[in-house]
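Colleague: Here is the input, now give the coordinates:
(2 chains, ligands or ions: 4)
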Amino acid sequence: MAWKEICPLADIPKLGSRVVRTSTKEIGVFRTETDGVFAINNLCPHKKGPLSQGIVFGETVQCPLHNWRISLVSGKAEEPDEGETTCYPTKIENGIVFLEVE
Amino acid sequence: MQKMKLVVIGNGMAGMRVVEELLKISPDLYDITVFGDEPYPNYNRIMLSPVLANEQTIDDIILNTREWYAENNITLHTNARVNKIDRVKRVAIAEDGTTAEYDRLLIATGSKPFMPPIPGKDLEGVLGYRDIKDTNDMIEAAKKYKHAVVIGGGLLGLEAANGLKIQGMDVTVIHRNEWLLEKQLDKAAGLMLQKSLEAKGLKFHLNTNTDTIIGNADGRVSAIRFKEGFEIPADLVVLTVGILPNYALAESAGIHCDKGIVVNDTMQTFDPRVYAVGECVNHRGISYGLVAPLFEMAKVCATHLANFGIGSYKGSVTSTKLKVTGIDLFSAGDFTGGDDTEEIVLHDAVGGVYKKLVIRDDKIIGGVLYGDTADGAWYFQMLRDGKPIHEIRDHLMFGQDSLGNTGHQGQDKAAAMTDEMEVCGCNGVCKGTIVKSIQADGLFTLDDVKKKTKAGSSCGSCTGLVEQILASTLGGGYAPPSTAKSICACTDHNHEEVREEVRKHKYLTIPDAMKGMEWKTPNGCATCRPALNYYLISTWPHEATDDPQSRFINERVHANIQKDGTYSVIPRMYGGVTNPDQLRKIADVADKYKVPMVKLTGGQRIDLLGVKKEDLTNMWADLDMPSGYAYGKSIRTVKTCVGSEFCRFGTQNSTQLGIDIEKAFDHMWAPHKVKFAVSACPRNCAESGIKDVGIIGVDSGWELYVGGNGGIKTEAGQFLCKVKTAEEVLEYSGAFIQIYREEARYLDRTVHWIERVGLEYVKQRVLEDAEGRKAAHERLLYALQGAVDPWAERVAKRDEHKEFETIEI
Ligand code: SRM
Ligand SMILES: Cc1cc2nc3c(=O)[nH]c(=O)nc-3n(C[C@H](O)[C@H](O)[C@H](O)COP(=O)(O)OP(=O)(O)OC[C@H]3O[C@@H](n4cnc5c(N)ncnc54)[C@H](O)[C@@H]3O)c2cc1C
Ligand code: SF4
Ligand code: FES
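Modeller: Ligands and ions are numbered 1, 2, ... in the order given. Presented below is the predicted three-dimensional model:
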């Protein structure tokens, strides 16, 4: 695992996201209203919808395909849906967002 | 900080509903202690009848288990009857000595069966019907004895009688009045009901009054004598002649009572620290005996306990159903009427169907349905909403027919469906799953069902069916929500209130609006934010901030997301007309970006499907055609037919008018998508009959139809007016659409809006008020002034639209 530089915080819109692509996968990097930055696998546990494209509120994103609500903190789907997607650690240093991936 | 202390007296349906609502909105405010004098955690009292009828068990009907109380840090004292409230020291004291101090107290002690002063009422074997103990006693008695007599032919009495019959007893119902359920039914329906129950083996004595309950040597009931002079054997007597609000405790604590604990519209008693809800209260002179009003009270009470200071309870109109399997009965409101009312009655004695609606001033004020209650929820909703009915009066009796929706053909009655039949086609949910969840998870509302089972949570076309299933499973416990409900759980405001506030306070941004209207969540949710964003920009065009993050992805990136995360691109072809140049460009682009499918849409244009997000901007640049807005709550297509230029029947130039309309209203956002069509003769090849605005050319001008819809539920447009010129078509249709844009709820298509306000209203605004029409049309043109094509804008300002770029690491 290693920290990778992603982009300035300002390049992620509040209540929005950016898509980060590694050699093996896509990760959605989200920014909340209060500047929390969360990274989760860009695949909805339901039918692999691109979570990065959903509407963000609080610390939740709503999948654009069939409206499952996924916690940005735990990667878990909100009741009654069941499923989970992977979360990745993030940090902000001097206004730059970093992501820890292998 | 130390938490405040909330003590709840009464572990029943109303009290615990308040606690549930409170935990939802303000989970950490209180340390909660609950006293209940029954030995059980909170259970679903209304399901005691199905338990008695062997349809469910006690375990099935527990609403909140002891674990639930523990998980939510609620101290629960069962078997603990509170017999003293010390309002000076602010402490509740139970018979067993347990005490609890409070900052706020909630009294929810329910009611007690009324035991009339008949000689012999204290004999063994004489019961009321209220709780698990009574139910178990009846089941036990049925094992040993033969003759049951139920005194009182109301809802509770009939459900008890039906249950005892199923338990194997010989059951007679004694009723004072001329017919059964006289509070819920008129005579005709009452007699039909009696007949069906007699067919199930129940016996009835009407117009009969009890004189004495006679006991045997062991002190157990053995017979009943009536004032009318005869006697019948009885080993079990169930008294169901009424209930009495249980307010003795409150009264002994000096809280003002008058046949119930007197509360104001915030559910507060005369002591501001003490609240009361449920059957024990007297609200504006009424004590309710059904759960739906109690739940409304609970909701209001919770917001005040949470210190939000919002919400007031104004009283309820109730409806009832009898929970006896095989008998369909529904009644609501005032069904006897008076001099100033009219009645519509349908009576088919052979088919066993009786329907009566009572109407005053063009509104339904009450009704009785027997034998076919499929439309009960629909009528009840119109009753609660006070909806004018003259436009649908001719069809009223034949029902909503709402279940003829596409994809639900032939399923026209929830009750007639088997458990395996699919209710929700989108999420594959069967009737059995829904019924089970309603019972096991204690669901009461459409929202609950959506949340728990997903049924009705997608396209929504099955919500009518789900509501019927709720109604038939819950009996009177189900009240269809008034359509004026709040936008979502983030706010208590409904759509109309939000619009009004946005106008009044001139909110221009979402954060300001949410702050001003005391939104309950920090930044709303995916339901309220898009609605709010639309209300801002439609109310304050050119001034309000349009927030991309509050728009659904399709509108954020101006393309329609596909199941695999790619997008579709549909350029405008005004009026469905194209040319070789455009077609060549489209073909080139399709080649260059390896578009997996090129398809003609149902809207007379071409769809390029399966485009990667990163390619969108380049593709738009190459296409150099305007966006077709096929992804937006916006103007979509204006379909046309070839018209007078080529067609031998064409009376008008429909193609040109279509192009003109599509150009005039291009870029227009709306509560939902808006579709037009223009045909040049009544053969109607452009399908003008099922469009939001359908226009049909005739020799002498143009006919305008509004509120058509070809989607989930097909609706033919209604005739609005006939005009002479194309300019008038633009003005009239523009005014119509603008008023819809300003007044409809977000996600209402025109048909839903017209359904609510009535076509008369639309006619008054668009036809009769010429000034108003012109002004509305002007407002639309003003809102559209200077609008730019979103694709061209993104091509020109690539740097500002980083959302289309992927970060590679
Ligand atoms: C592309 C098209 C089907 C086709 O291949 O022909 C289409 C495709 C979609 N329709 Fe449609 N509709 C298309 C014509 C229609 C028509 C026919 C028409 O317009 O004459 C109707 C019935 C007429 C009507 O709207 O009254 C229609 C009624 C719907 C509905 C139901 C609307 C309703 O109020 O009941 C939805 C669902 C919704 O909007 O909530 C929907 C939603 C959709 C969505 C956008 C579903 C979605 O949210 O992703 C589909 C996008 C598919 C995709 O992956 O890109 N589509 N859709 C048509 C595009 C027309 C265009 O050129 O813009
Ligand atoms: C068999 C049956 C069928 C019904 N069917 C329907 C139906 O189909 N539809 C419908 O809408 N309604 C129905 N009802 C009515 C519905 O159950 C009541 O309206 C509802 O339960 C009232 O809620 P509540 O909280 O006010 O009272 P309850 O649910 O009665 O709760 C009050 C609780 O407080 C406890 N309590 C009282 N005093 C004290 C004290 N001093 N200390 C501690 N605890 C105390 C009581 O023991 C009780 O548990 C039915 C009722 C019965 C009995
Ligand atoms: S294109 Fe329309 S009808 Fe076809 S699956 Fe999608 S939404 Fe349903
Ligand atoms: S793929 Fe996310 S909700 Fe279906």
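
Colleague: CA only for contacts and neighbour counts going forward, please
Modeller: OK.

Colleague: Closest residue of chain B to ligand 4?
Modeller: residue B:563 (7.7 Å; C-alpha to the nearest ligand atom).

Colleague: got a pLDDT number for that residue?
Modeller: pLDDT, residue B:563: 94.

Colleague: which SS class is it?
Modeller: Assigned state for residue B:563: coil (three-state reduction, DSSP: H, G, I helix; E, B strand; the rest coil).

Colleague: cool, residue B:218 as well?
Modeller: Assignment for residue B:218 (three-state DSSP): coil.

Colleague: Repeat that for residue A:100.
Modeller: Following three-state DSSP, we place residue A:100 in the strand state.

Colleague: tell me the contacts of it?
Modeller: The neighbours of residue A:100, taking C-alpha atoms under 8 Å, 6 or more residues apart in numbering or on different chains as the test, are A:1, A:2, A:3, A:4, A:88, A:89, A:90.

Colleague: who touches the residue of chain B closest to ligand 4 in this structure?
Modeller: Contacts of residue B:563 (C-alpha under 8 Å, 6+ apart): A:49, A:65.

Colleague: Verify the contact between residue B:691 and residue B:717 for me.
Modeller: Yes. Residue B:691 lies in contact with residue B:717 (C-alpha atoms under 8 Å); the separation is 6.6 Å.

Colleague: Which one of the two is surrounded by more residues?
Modeller: residue B:691 (30 against 23; other C-alpha atoms under 10 Å in any protein chain shown).

Colleague: mind checking how far the nearest residue to the more buried one once chain neighbours are set aside is from chain A?
Modeller: Computed as C-alpha to C-alpha, 6 or more residues apart in numbering or on different chains, the closest residue to residue B:691 that is not its neighbour in sequence is residue B:708, at 4.3 Å. For residue B:708, the distance to chain A (C-alpha to the nearest C-alpha, to the nearest Å) stands at 27 Å.

Colleague: now residue B:708: how far from residue A:78?
Modeller: 37 Å (C-alpha to C-alpha, to the nearest Å).

Colleague: higher neighbour count, these two?
Modeller: A side-by-side neighbour count of residue B:708 and residue A:78, using other C-alpha under 10 Å, places residue B:708 first with 26 against 16.

Colleague: mind checking how far the more buried one is from residue B:267?
Modeller: Here the criterion is C-alpha to C-alpha. By it, residue B:708 lies 44 Å from residue B:267.

Colleague: Over to residue B:635?
Modeller: Going from residue B:635 to residue B:267 by C-alpha to C-alpha gives 47 Å.

Colleague: now swap in residue B:443 and tell me
Modeller: 24 Å.

Colleague: Which one's more surrounded, the two?
Modeller: residue B:267 (28 against 22).

Colleague: where along chain A do the helices fall?
Modeller: In chain A, no helices are defined using DSSP state H.

Colleague: Just give me the neighbour total for the residue nearest to residue B:345 when sequence neighbours are not counted.
Modeller: Residue nearest to residue B:345 in three dimensions, not counting chain neighbours: residue B:356, with 4.4 Å by C-alpha to C-alpha, 6+ apart. Close neighbours of residue B:356, defined as other C-alpha under 10 Å, add up to 23.

Colleague: if I pick residue B:356, what's in contact with it?
Modeller: For residue B:356, counting by C-alpha under 8 Å, 6+ apart, the contacting residues are B:335, B:343, B:344, B:345, B:346, B:367, B:368, B:369.

Colleague: Measure how buried the nearest residue to residue B:596 once chain neighbours are set aside is and give me the count.
Modeller: Once flanking residues are discounted, residue B:596 sits nearest to residue B:610: 6.0 Å by C-alpha to C-alpha, 6+ apart. By other C-alpha under 10 Å, the residues close to residue B:610 number 22.

Colleague: For ligand 1, what is the nearest residue in chain A?
Modeller: Nearest to ligand 1 in chain A, going by C-alpha to the nearest ligand atom, is residue A:65, at a distance of 7.8 Å.

Colleague: Go ahead and confirm that residue touches residue A:49.
Modeller: Yes. The criterion here is C-alpha under 8 Å, and residue A:65 meets it with residue A:49 at 5.9 Å.

Colleague: Wasn't the residue nearest to residue B:345 part of a strand?
Modeller: Yes. Counting by three-state DSSP, residue B:356 falls inside a strand.

Colleague: Pull the number of nearby residues for residue B:552.
Modeller: The number of residues packed near residue B:552 is 24, by other C-alpha under 10 Å.

Colleague: Great, nothing more from me.
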